[in-house]
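Asks: here is my input; please provide its structure:
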Amino acid sequence: MKLFDVWLYFANDIFLKAKGFGREGSITGEIVFNTSLSGYQEIISDPSYAGQFIVFCMPEIGIVGCNEKDMESKQVFAKGALIRNISKNDSNFRSTQNLCSFFEEQGIMGICNVDTRGIVKMLRDNGSMMMVASSIVKTKEELKSILQKAKKIEEINYIKEVSTKETYLHTESNFSFETFNYKKIDINDKNKVKIIAIDYGIKRNILNELSEVGLIVEVIPQTFLAEDIIEKFHNNEIRGVFLSNGPGDPLLLKDQIDKIRKIINAKIPIFGICLGHQLLSNAFGYKTYKLKFGQHGGNHPVKNMQTNELEITAQNHNYNVPESISEIAIITHRNLFDNTIEGVKYKDYKIFSVQHHPESSPGPRESSKLFLEFAKMLAQ
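Replies: The predicted model follows:
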C-alpha cells in the first residue's frame with residue numbers, strides 16, 4: 001500500500017500533517033463527519049457527498065474491502081475521506097479490491113494517520129467548514145491562499161455533475177442473499193404502476209426500494225422539462241414523481257424549484273427524500289437553512305409523530321426545512337437529537353417527504369415502509 005505525505009489546512013486556521021493514499025495533488029472541499037460504524041463504501045459512493053471530505057468516526061476503515069455491488073452510484077463524487085487507521089488487509093469473501101486501490105481507481109484522496117476524534121470534536125464545536133488537502137503544497141500560508149480562492153460548496157451546482165445524462169428504466173430491486181446479487185424485475189409488467197424519478201444524485205438502493213414495492217421507475221436527468229412530466233401524467237403514462245437525494249445547497253437550485261412548483265400545481269403525487277424534501281419546501285415558498293454540522297450517520301433516532309413509534313435512521317444532509325412549514329404541512333417526523341423536522345405531509349396535496357434516507361444503505365431499515373406508503377398512495 002503506497003502512502004505519501006499530505007498537509008491539511010482548515011478554514012478555522014488549523015494546520016496538520018498526515019499520510020495520504022489514492023489521488024495525489026491539492027484538493028479543496030467541505031468537511032463533515034459521519035457516525036456510522038459500518039458501510040463505508042456505500043457512504044463514500046453516496047452522490048450526496050459531492051464536494052465534501054468525509055471524516056469517519058469509526059477508527060478502523062477498510063476491513064472488509066470493496067466490491068462493485070456495494071456501490072451506491074456509478075462513481076464516487078466525494079472529494080475524499082479522513083480515516084484514523086486504514087486496514088492494509090481486507091478480509092471478506094465479497095471483497096474484490098482493498099480500499100487503497102479503490103481510492104486510486106475512483107480518483108479521490110484518502111487521508112489517514114490523523115486524529116479523527118479531534119477533528120470530529122472540532123467540527124462539532126465550530127461547525128462544518130471548508131478545508132484543503134495537498135501532497136504538493138507544504139506550508140500553511142500557501143494552503144490558506146488556495147482555500148481562500150476556492151469556491152464554497154454553497155456556490156457550486158453539484159447536481160449537474162452527479163445526475164444521469166440519459167433517461168433509463170431501473171431494472172433491479174433489493175439484494176438477494178441467496179444469489180448475492182440484486183433481483184431483476186419485469187419492467188414490462190402491465191400491472192405495475194410507473195413513476196418518474198428525478199435524479200439529483202440518486203442512490204442505487206433508493207431505486208431498488210421503489211422497485212421492491214412494485215413500481216416501474218423511469219429515471220430522468222435534472223435537465224428535465226416539467227411540461228413533459230405533466231403531459232405523461234395527464235396521458236396516464238405515469239402515476240407520480242419521486243424527487244431524489246443529492247448534494248449541495250437547495251436554495252442554489254432555482255430552476256429545479258421552479259420546475260417542481262409546476263409539478264405541484266399540476267396536482268401530481270410526489271414523494272421526496274433528502275434534497276428532494278428540501279426542494280419541495282422551497283417550491284412551496286418555505287426557505288431551507290443550513291445546520292451547524294449537519295446530520296450524517298446511521299444511528300439517528302426519529303419519532304414518527306403519527307404513530308408515536310421510534311425509528312433509528314440513516315442520515316446525510318447539511319440543510320433543513322423551517323418550522324414555519326407547519327402552516328401548510330403536517331409534521332410527520334422529528335429528529336430526537338435536535339428536534340429538527342424529519343418529515344412532512346402537505347395538507348392539500350398528495351405529497352409527502354422525509355429528510356432521512358429510508359433505504360438505509362448502510363443503516364437500519366426501520367423507515368423503509370415509506371416506499372410502500374408511496375406505492376399505496378399511487379394505487380388510490
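Asks: K69: how many residues sit nearby?
Replies: The local packing of K69 (other CB atoms under 10 Å) involves 13 other residues. Using the backbone N, CA and C atoms, a C-beta is placed for each residue, glycine as well.
Asks: I should have written F374 there, sorry.
Replies: Counted with other CB under 10 Å, residues neighbouring F374 total 24.
Asks: repeat that for N236.
Replies: N236, neighbours per other CB under 10 Å, totals 8.
Asks: CA atoms only for stretch 31-49 - export them in CSV, please.
Replies: Extracted as CSV, the C-alpha positions of stretch 31-49 are listed here (Å, rounded to 0.1, in the frame of the first residue of the first chain):
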residue,chain,number,x,y,z
ILE,A,31,-15.5,18.6,5.6
VAL,A,32,-18.2,16.8,7.5
PHE,A,33,-18.2,13.8,9.9
ASN,A,34,-20.2,10.5,9.7
THR,A,35,-21.0,8.5,12.8
SER,A,36,-21.8,5.2,11.1
LEU,A,37,-19.9,2.1,12.3
SER,A,38,-20.2,0.2,9.0
GLY,A,39,-20.9,0.5,5.3
TYR,A,40,-18.0,2.8,4.4
GLN,A,41,-18.2,2.0,0.7
GLU,A,42,-21.9,2.9,0.5
ILE,A,43,-21.2,6.1,2.4
ILE,A,44,-18.2,7.1,0.2
SER,A,45,-20.2,6.4,-3.0
ASP,A,46,-23.3,8.3,-2.0
PRO,A,47,-23.6,11.2,-4.5
SER,A,48,-24.9,13.5,-1.8
TYR,A,49,-21.3,13.8,-0.6
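Asks: just the buried residues of it, please?
Replies: Neighbour counts over stretch 31-49 (16 or more other CB atoms under 10 Å) mark 31-36, 39-49 as buried.
Asks: quick check: mean pLDDT of it?
Replies: Averaging pLDDT along stretch 31-49 yields 97.
Asks: only the buried residues of stretch 366-380, if you could.
Replies: 366-368, 370-371, 374-375, 377-378.
Asks: out of the residues you listed, who's nearest S145?
Replies: Checking the buried residues of stretch 366-380 against S145 with CB to CB, the nearest one is S367 at 44.5 Å.
Asks: how about the contacts made by the most centrally placed residue in the chain?
Replies: With distances taken as CA atoms, centre = their mean, the residue of the chain nearest its centroid is S48 (3.3 Å). Counting by CB atoms under 8 Å, 6 or more residues apart in numbering, S48 touches 201, 203, 245-247, 274-275, 316-317.
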